[in-house]
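1. Predicted structure and sequence below. I'll ask about it afterward.
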Amino acid sequence: MTRAALLLKSRLPWLLLMLAWLLTAWARPLALPDEGRYGGVALEMVQSGHWLTPTLFGLPYFHKPPLMYWVDAAALTLLGPVPLALRAAPLLGGLVMLQALGLELRQRAGRAAVAEGLGWLAVLPLAFLSAQYANHDLLVAGWISLAIVAGRRALAPDTVAWRRWLLLAWAAAGLGVLSKGLIGLVLPALVLGPWLIAQRRWRDLGRALHPLGLLVFVLIALPWFVAMQQRFPGFFDYFVMEQHVRRYTQTHFNNVQPFWFFWVVLPLATLPASLRLWPALREAWAQARGQGPGSAAAFDLWWLLVVVLFFSLPRSKLVGYVLPALLPFTLLLRAAWAGRPGARRAQLGAALLSVAVAAGFAWKGHDHADLGAALRARLQPGDRVLLSDDAFFDLRWQAGLHTPPAVLGDWPALQQSAGDNWQRELMDAARFAPDHGAAVLWTPARLARERCAPGTLWLLAPTAAAGQAAVPQAEPVLQARHGALLRLPRPAGCPTP
């Protein structure tokens, strides 16, 4: 067999896995609400040409920082409006995590161990699926992982170019903050800080705070936050206090799960590799006890514990929150499977499971493509679009809308009663642009005034019945899979246009 054939054979599994990822990421419909919402923000950046302030329905949207939107907007500019472009940011996060794992394995076990470790991470269902799901979780997890790996390398006694590694760690932390906020800095600090203190490495603790590293972090992370606070005086309280402190400490936010949620989800989402989780933990614990807190096994266990415990304390939990634990989890599983006869079968099983689940999501789907196509075919210049009882976050994408639709609701009452939902998101965004908020968030009284304006008024609702309950005069046009299109006739008393 020629050298080229041998090379192709060794890389064929990787090529097939990459092809499967690309096919499912390209073909899978947008998952709602996340991919529609975050993809919509990136699409609005491209359409408006204003990339500094993220907007949702044209309203300043500060639930998350902008790095994901910038990455996806750049991909949209290059690739056009295809679903793969909206998944560029999680793909980038996955690649950064793979790079961090490769750096760590090369330092620990040499070049030969890198491909094996990367193979384990790539096939884990949690990693494979997260890398094609458009939200902020894997992007920030990748930067957190790189910050921790580079920080540990910078502070190792035998590292020569330690300043370069330290600058890389602080740069990754800054990009993590730009990806999802303060956890980009907090989690690396919680992993590295107590680990150094446990070893009484006070000098290294001081080295970690090198002025050049702090400067790099500030130059990357701070300018956008300062710009937003200058433009929107309430930004700091909303972003830091509401979206970080209160969301972490209070109980009225959604996605409430029990304390043990991540302790179950992480093993389940990494099957079948996690079948050897208990031996992995047992072996790592034995090594940590024998070699002390400075050992690689102790570091992996501490990193894993910090992430899982940190996100277990608040009541609001989503599966993606635990992604910063994937790298140490992979290191533990790789060690437990090393030399085992079933390792290849476990990797193949994980890969097949990942592809099957991704294909299942692609086949099942849950977007508004048919509804958007029907609206696009009927829209004429001057027509307006109104939403009721659902945000239809992917509508601008599916229907090719270049202006945000209006949203019908009893907003004064919702201001008092709405929980942590899409309506609250829009009301929060309207706080930063009240005039534009009034143009987007229509009350029934505003709708009555708008009914006589020129052009057709189209109404979208979850069902035709729901649309007619909101506006009794609405005329059903189409019932799609996940929504209905209705037309609002001009009232009889309107003046002739």
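-> Arrived safely. Numbering: from 1, shown residues only.

2. pLDDT below threshold where in the stretch 351-497 of the chain?
-> 418-419, 497 (pLDDT under 70).

3. Helices along that one, start to end?
-> For the stretch 351-497 of the chain, the helices defined by DSSP state H, counting those that start in this stretch occupy 369-378, 395-399, 411-417, 422-431, 434-440, 444-450, 464-470.

4. Stretch 49-66: end-to-end distance?
-> From its first residue to its last, stretch 49-66 covers 14 Å (C-alpha to C-alpha, to the nearest Å).

5. Could you list the residues in contact with that stretch?
-> 37-38, 40-41, 44-45, 48, 69-70, 73, 136, 177-181, 224-225, 227-228, 231-232, 235, 238-239, 243, 403-405, 407, 425-426, 428-430, 432-433, 436-437, 440 (C-beta atoms under 8 Å, 6 or more residues apart in numbering). For the C-beta atoms, the positions are set from N, CA and C on the backbone; glycine is no exception.

6. Just the ones of those in strands?
-> If you go by DSSP state E, the contacts of stretch 49-66 have V407 in strands.

7. Return a PyMOL selection command for the buried portion of the contacts of stretch 49-66.
-> Buried residues among the contacts of stretch 49-66 (16 or more other C-beta atoms under 10 Å), as a PyMOL selection:
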select buried, resi 37+38+40+41+44+45+69+70+73+136+177+178+179+180+181+224+225+228+232+235+238+239+243+404+405+407+425+426+428+429+430+432+433+436+437+440
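
8. Quick one: closest of the helices of the stretch 351-497 of the chain to A115.
-> helix 395-399 (37.8 Å; C-beta to C-beta).

9. mind giving me the domain ranges of the protein?
-> Annotated domains of the chain cover 3-363, 369-488 [automatic domain parsing].

10. Could you list the low-pLDDT ranges of the stretch 1-150 of the chain?
-> 1-14.

11. Strands of that one, residue ranges please.
-> Under the criterion DSSP state E, counting those that start in this stretch, strands of the stretch 1-150 of the chain are mapped to 55-56, 59-60.

12. partners of the first one in the sheet?
-> This points to strand 55-56. Strand 55-56 has the following strand partners under DSSP bridges: strand 59-60 (antiparallel).

13. just to revisit the earlier point, please work out which of the helices of the stretch 351-497 of the chain is packed deepest.
-> Highest mean neighbour count among these (mean count of other C-beta atoms under 10 Å): helix 395-399, with a mean of 24.

14. Hmm, H482 is touching D367, no?
-> Yes. H482 is within contact range of D367, at 7.3 Å (criterion: C-beta atoms under 8 Å).

15. Going by how many neighbours each has, rank these two and give me the top one.
-> D367 (24 against 16; other C-beta atoms under 10 Å).

16. Distance of that one relative to F361?
-> From D367 across to F361, the span is 11 Å (C-beta to C-beta, to the nearest Å).

17. what's the overlap in contacts for those two?
-> Joint contacts of D367 and F361 (C-beta under 8 Å, 6+ apart) are A31.

18. on that earlier part again, want to throw the domains of the chain into TSV with distance to C494?
-> What follows is the domains of the chain, written out as TSV (distance: least, C-beta to C-beta, whole Å):
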stretch	distance to C494
domain 3-363	27
domain 369-488	4
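
19. closest one to P495 among the ones you listed?
-> Across the domains of the chain, closest to P495 is domain 369-488 (C-beta to C-beta), at 6.9 Å.

20. Quick one: end-to-end distance for that closest one.
-> 22 Å.

21. Show the contacting residues for A156.
-> Contacts of A156 by C-beta under 8 Å, 6+ apart are W162.

22. now with 10 Å?
-> Listed by C-beta atoms under 10 Å, 6 or more residues apart in numbering, the contact partners of A156 are 107, 162, 165, 204, 294.

23. now do A113
-> 102, 104-106, 334-335, 338.

24. List only buried entries from those.
-> Using 16+ other C-beta under 10 Å, the buried ones in those are 102, 104-105, 334-335.

25. thinking again about what came up before, format the helices of the stretch 351-497 of the chain as a markdown table; extra columns: distance to V216.
-> Below are the helices of the stretch 351-497 of the chain laid out as a markdown table (distance: least, C-beta to C-beta, whole Å):
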| stretch | distance to V216 |
| --- | --- |
| helix 369-378 | 43 |
| helix 395-399 | 36 |
| helix 411-417 | 42 |
| helix 422-431 | 32 |
| helix 434-440 | 36 |
| helix 444-450 | 49 |
| helix 464-470 | 52 |
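
26. For S274, find the nearest of the ones you listed.
-> helix 422-431 (34.0 Å).
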